[in-house]
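Q: predicted structure and sequence below. I'll ask about it afterward.
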Amino acid sequence: MKHFALLYTFILAGCLMLAGCAAKTATSQAPAGELRVMSYNIHHANPPSRPGEIDLEAIARVIRDQKADLVALQEVDVNTGRSGTVNQASALAELLGMNFYFARAIDFDGGKYGVAILSRYPLSGMETMSLPETAAPQSEDRVLATATVALPDGRMIRFGSMHLDVSNAANRLQQVQAINQVAAQEKRPFILAGDFNDMPESAAIQELDKLFTRTCGSNCAPTIPVDAPTRTIDFIAFTHASGLEVVSQQVVPERYASDHLPVVATLQFK
């Protein structure tokens, strides 16, 4: 019995040490009250320099290096043939020790293709909303993925990942209008990130700016193509009423893992 009690003491101590390490890992990503947010179109983890190959660890390394708390992913494969029937959303979450939510946009190559959310913090109330495309119904279906995030300080926020139509500007405007309608009903701070497939001067982005504050309002660095970026189409934004402000923003010059450069912003509550 004495040996059992001693063994139990060692096990308990070990568990407490592990719990402490886990807590440190979860809270050491950013100072209290700050959030590191990333938007990343991952091109189904296919490096442009290696056609037909998949390098999911390269995507995980980019996210890990930036110490992101919340990540909006686009062009995510789940169980498709071209990606080796891997659930990329789940695999990235496992590699990074994060929670995830995948939102299917279309069926593709025996699996699914869409957007995803990664979060260092607990997720709840996950939803997928189909985005309108009445201006050009033949366009590829697009979705908005949203989830409620429980922050360590007790705040609850809404986080969204989206990918707008690539081929039709009128569709993109309709899709932003639909997102704005959702955001207008949200009582919690709402952070949105994704590939908008449109430039800052476009009608779609001007529509977004009616309700959201982008983390880069002017002279935004281009995000695509990676070899010689010329177009700024990936953005992070938050609703005007969120009570957030931008501490920093950067376009990360990572040119191997995807055909888009990731955008990272540090936000804090005022």
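A: Yes, it's here. Numbering: from 1, shown residues only.

Q: which residues in the stretch 1-150 of the chain form strands?
A: Using DSSP state E, counting those that start in this stretch, the strands found in the stretch 1-150 of the chain span residues 34-41, 70-78, 99-108, 111-119, 123-130, 143-150.

Q: relative to strand 111-119, how tilted is the third one?
A: Okay, so that is strand 99-108. Relative orientation of strand 99-108 versus strand 111-119 (axes from the mean of the first three to the mean of the last three CA atoms, to 10 degrees): 160 degrees.

Q: again, but for the first one
A: Strand 34-41 runs at 160 degrees relative to strand 111-119, counting by the same axes, to 10 degrees.

Q: who are the packing partners of strand 34-41?
A: Applying 3 or more CB pairs under 8 Å, 6 or more residues apart in numbering; DSSP states H and E, one finds that strand 34-41 contacts helix 56-65, strand 70-78, strand 190-195, strand 234-239, strand 263-269. C-betas here are computed from N, CA, C, even on glycine.

Q: spatially central residue in the chain, please.
A: A72 (0.9 Å; CA atoms, centre = their mean).

Q: closest to V149 out of the helices and strands packed on strand 34-41?
A: Checking the helices and strands packed on strand 34-41 against V149 by CB to CB gives strand 70-78 as the closest, at 6.6 Å.

Q: mind pulling up the pLDDT for the residue nearest to R120 when sequence neighbours are not counted?
A: Of all residues not flanking R120 in the chain, D69 sits nearest, at 4.6 Å (CB to CB, 6 or more residues apart in numbering). Listed pLDDT for D69 reads 98.

Q: repeat that for Q29.
A: 56.

Q: lowest average confidence, helix or strand, in the chain?
A: In the chain, no helix or strand scores lower on mean pLDDT, DSSP states H and E than helix 2-27, which sits at a mean of 37.

Q: what about stretch 160-180, start to end distance?
A: End-to-end span of stretch 160-180 (CA to CA, to the nearest Å): 12 Å.

Q: quick one: mean pLDDT for that stretch?
A: The model assigns stretch 160-180 a mean pLDDT of 98.

Q: residues of that stretch that come out buried?
A: Residues 160-165, 168-169, 171-180 are the ones in stretch 160-180 that count as buried (16 or more other CB atoms under 10 Å).

Q: now that stretch, how far from the chain's geometric center?
A: For stretch 160-180, the separation from the chain centroid amounts to 16 Å (computed by CA atoms, centre = their mean, to the nearest Å).

Q: and the spatially closest residue to N79 that is not a sequence neighbour, how far is that from N219?
A: Distance criterion CB to CB, 6+ apart; nearest residue to N79, sequence neighbours excluded, is G111 at 3.5 Å. Distance of G111 to N219, given as CB to CB, to the nearest Å: 40 Å.

Q: how about P225?
A: Counting by CB to CB, the gap from P225 to N219 is 19 Å.

Q: neighbour count for these two, which is higher?
A: P225 (14 against 7; other CB atoms under 10 Å).

Q: and the more buried one, what does it touch?
A: Residues near P225 by CB atoms under 8 Å, 6 or more residues apart in numbering: 48, 231, 259.

Q: what residues are up against the last one?
A: For D259, the contacting residues are 41, 43, 48, 224-226, by CB under 8 Å, 6+ apart.

Q: next one: M126
A: Counting by CB under 8 Å, 6+ apart, M126 makes contact with 101, 117, 145-147.

Q: just the terminal-to-terminal distance for stretch 218-227.
A: Stretch 218-227 has its terminal residues 22 Å apart, counting by CA to CA.

Q: buried sites along that stretch?
A: 220, 222-224, 226.

Q: can you check stretch 35-48 too?
A: Buried residues in stretch 35-48, defined by neighbour count with 16+ other CB under 10 Å: 35-47.

Q: from these, which is closest to P189?
A: Of the buried residues of stretch 35-48, the one sitting nearest to P189 (CB to CB) turns out to be L35, at 9.8 Å.

Q: surely that closest one touches D69?
A: Yes: judged on CB atoms under 8 Å, L35 makes contact with D69 at a distance of 5.2 Å.
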